[in-house]
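Asks: sequence first, predicted model second:
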Amino acid sequence: MAKEEALYIGHRQRLKERFLRAKGSDMADYEAIELLLTYAIPRRDVKPLAKNLIKEFGSFAGIITADYQRLLEIDGIKENSATLIKFIEFASQKLSWQNLACDDTPFISSTDALIEFCRCAMGYSEVEVLRVIYVDTKLKVIETEVLQKGSVSSVNINPRDIVTNALKKNASGVIMVHNHPSGDPKPSSNDIEATKRVKSACDALGIVLHEHLIITPSDYYSFAKHHLLV
């Protein structure tokens with residue numbers, strides 16, 4: 001038993017050293033999860049558990065964005081491990097949000113920063129989610145909120161809710177974002193028609209619909225780039 005403990009402790013140390021040396025660039029997904037789990041499970045070889053998580057959720061991102069209760073269903077994952085995993089998701093969202101709208105530059109400075117934030121926040125959701133970002137005339141972010149959660153293949157987009165909330169927040173513009181769990185960012189006919197209705201409602205009240213993005217884990221679709229917001 002002491003020999004086995006010495007083996008996995010030595011392995012953990014080597015894993016940490018590899019991470020510090022290359023900042024994780026040479027680590028497989030299961031190794032990154034394995035290193036993370038060492039901080040929640042101090043006295044156990046966690047490599048089999050890390051590999052099992054990859055098998056169950058498919059990737060590092062799939063594990064990090066998995067539902068908390070779903071994580072607890074995995075044999076070997078307790079509250080400490082699940083909480084640490086979800087904290088990594090929170091940290092990634094916090095980082096991408098502050099890159100998007102921090103104190104020094106509290107505005108949407110680039111499409112890339114916007115997409116990064118949206119992908120971290122909702123790109124891996126197993127159901128469609130509608131997020132609305134409210135901005136002022138200088139694209140300073142006033143607030144962001146999840147307005148609706150739907151099914152695997154659809155989410156309700158209600159123009160009235162969007163413009164009502166924009167007026168309450170004194171926003172001069174809005175950015176709509178929703179995800180496609182299928183992985184295909186191409187808009188459906190319903191997406192296009194709903195966007196037209198939102199654009200019409202915004203125009204009537206002097207609110208600018210700056211963008212509607214469809215996000216997936218590896219791709220995105222921009223309504224503005226495809227000239228569908230004119």
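Replies: Perfect, thanks for sending it.

Asks: quick one, what contacts residue 180?
Replies: By C-beta atoms under 8 Å, 6 or more residues apart in numbering, the contact set of residue 180 is 128, 214-216. C-beta: built from backbone N, CA, C; applies to glycine.

Asks: quick check: phi and psi on it?
Replies: Dihedral angles of residue 180 (phi, psi; degrees, to the nearest 10) stand at phi -120, psi 100.

Asks: relative to residue 87, how far out is it?
Replies: As judged by C-beta to C-beta, to the nearest Å, residue 180 and residue 87 stand 27 Å apart.

Asks: all strands of this structure, in order?
Replies: Taking DSSP state E, the strands of the chain run over residues 129-135, 141-149, 173-179, 208-215, 220-222.

Asks: and residue 94, which of those is closest to it?
Replies: Residue 94 lies closest, by C-beta to C-beta, to one member of these: strand 141-149, at 12.7 Å.

Asks: and the angle from the closest one to strand 129-135?
Replies: 160 degrees (axes from the mean of the first three to the mean of the last three C-alpha atoms, to 10 degrees).

Asks: mean pLDDT lowest for which of the strands of the chain?
Replies: Confidence, taken as mean pLDDT, is least for strand 141-149 of the strands of the chain (a mean of 90).

Asks: can you tell me what sits against it?
Replies: For strand 141-149, using C-beta under 8 Å, 6+ apart, the contacting residues are 97, 100-101, 106-108, 122, 127-136, 155-158, 161-162, 165, 169-171.

Asks: rerun at 7 Å
Replies: The contact list for strand 141-149 (C-beta atoms under 7 Å, 6 or more residues apart in numbering) reads 100-101, 106-108, 127, 129-136, 155-156, 161-162, 169, 171.
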